[in-house]
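In: could you look at this predicted model? Sequence included:
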Amino acid sequence: MEIKKEILFDKVLKKRRSVRKFEPGKTVSKGTLKRIVDCGRWAPSGANTQCFDFIVIKDKKMIASTTNIFLKQAQRLVDFAKGFPAVKKTYLANTVAIIIVLGDPRWKVCFPHASTKDYEEEYSRNNDAIFLCSMGAAIQNIQLGVAAEGLTSAWLSGGGEDTTNNELSNLLGYPKWMKAFGTIPIGYPAETQDKRYRRPLEQCLHWNKYSPMQYRTHKQVDFYESTLRPFAMYRDQEKIENWKDFSEKLGSWSDAFTKQYSNVSGKLEGDEDFTKPRSKGRTTRRRDKNSN
Ligand SMILES: Cc1cc2nc3c(=O)[nH]c(=O)nc-3n(C[C@H](O)[C@H](O)[C@H](O)COP(=O)(O)O)c2cc1C
């Protein structure tokens, strides 16, 4: 019996794919949606604050209005976040429900706060991390719950953009200072998508100590951003080496993306300010040029 449970868990874990194509004309019961939200309720959260709320949009008119908001959000990405491989969000119209995971920042007061000036920034920054990680846990639990019900979903972060959050708040009636960190369209998959590119386990797994040979260099990040990203995000393949155009796409980067050691020299790069993305991949360079 135990073994069966493990197999089931593995199945659910891998069925939790971001699917962006749903079968039209389907419905789902309130009971199913309640069970899914209950998975979110059981997520861990900093200081058990449960700093999230879940709005389940099931009414057809409300789904249509929410879809409209996200169509505009996607167009803004095309116009003002050039180069990001966003997909059209018309598929939202075929969802059986959309769950909005709202974050309530007041609960950050319950996380550790500095009692001396020296530590104010340090604790404050980590409070933000605790809050956002709690949100991530709730969103992921919802997605896993969806997969366990035999349905599928996507994880949309655009509701967290101020313009979109304001529009959602007007539509759904929550205070503007709460934020729609996760928007999860749910539906019946119109195509099977149970695979997605993942790094080899031995490359991201470090035993006892960080292994510098498994470090991914700045240039590797740049290469992903400028070249691989749209394929790695959307193709239905786990192993990049199974891509038909693997050699063409990867070129001299093939080992770094498929083998344990992405950095055979074992040399790490120095400190930099990573509060803003440093990537100088082709897309970033083009964006920088356009904004100058
Ligand atoms: C924090 C976060 C934000 C994301 N935002 C979006 C989004 O706005 N739109 C979208 O289509 N997918 C979004 N995704 C889904 C990722 O693109 C997806 O998880 C990734 O490509 C891996 O695919 P998989 O979920 O099928 O494993 C987001 C995922 C995370 C964790």
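Out: Great, that's in hand. Numbering: from 1, shown residues only.
In: okay, CA-based contacts and neighbour counts for the rest of this
Out: Fine.
In: what are the ranges of the strands in this structure?
Out: Secondary structure of the chain by DSSP state E: the strands cover 52-57, 97-103, 152-153, 179-187.
In: hmm, who's touching the third one?
Out: Contacts made with strand 152-153 from outside it, assessed by Cα atoms under 8 Å, 6 or more residues apart in numbering, are listed as 15-20, 143, 146-147, 184-189.
In: go on, the last one?
Out: Outside of strand 179-187, the residues within contact range by Cα under 8 Å, 6+ apart are 22-23, 26, 92, 94-104, 135, 139, 143, 146, 151-160, 165, 168.
In: contact partners for Pro85?
Out: With the criterion set at Cα under 8 Å, 6+ apart, Pro85 makes contact with Arg229, Pro230.
In: report pLDDT for it.
Out: Pro85 is assigned a predicted lDDT (pLDDT) of 86.
In: ok, Lys289 next?
Out: The per-residue pLDDT of Lys289 was computed as 69.
In: just to revisit the earlier point, between the strands of the chain, which one is nearest to the ligand?
Out: Judged by Cα to the nearest ligand atom, the one of these that comes nearest to the ligand is strand 179-187, at 7.7 Å.
In: about what we covered before: near the ligand, list only the ones from the contacts of strand 152-153.
Out: Cross-checking the contacts of strand 152-153 against the ligand (Cα under 6 Å from any ligand atom) gives Arg17, Ser18 as the overlapping residues.
In: now, the contacts of strand 152-153 that are in helices?
Out: Secondary-structure check on the contacts of strand 152-153 using DSSP state H: residues within helices are Lys15, Gln143, Val146, Ala147.
In: wait, what's in contact with the second one?
Out: With Cα under 8 Å, 6+ apart as the criterion, the residues that contact Gln143 are Arg16, Thr152, Ser153, Ala154, Trp155, Ile184.
In: identify the bridge partners of Ala180.
Out: Listed by DSSP bridges, the beta-bridge partners for Ala180 are Leu102.
In: next one: it from Glu149, what distance?
Out: For Ala180, the distance to Glu149 equals 24 Å [Cα to Cα, to the nearest Å].
In: looking at these two, which is more packed in?
Out: The residue with the greater number of neighbours, taking Ala180 and Glu149 and applying other Cα atoms under 10 Å, is Ala180; the counts read 31 against 13.
In: now that one: how far from Lys60?
Out: In this structure, Ala180 and Lys60 are separated by 20 Å, where distance is defined by Cα to Cα.
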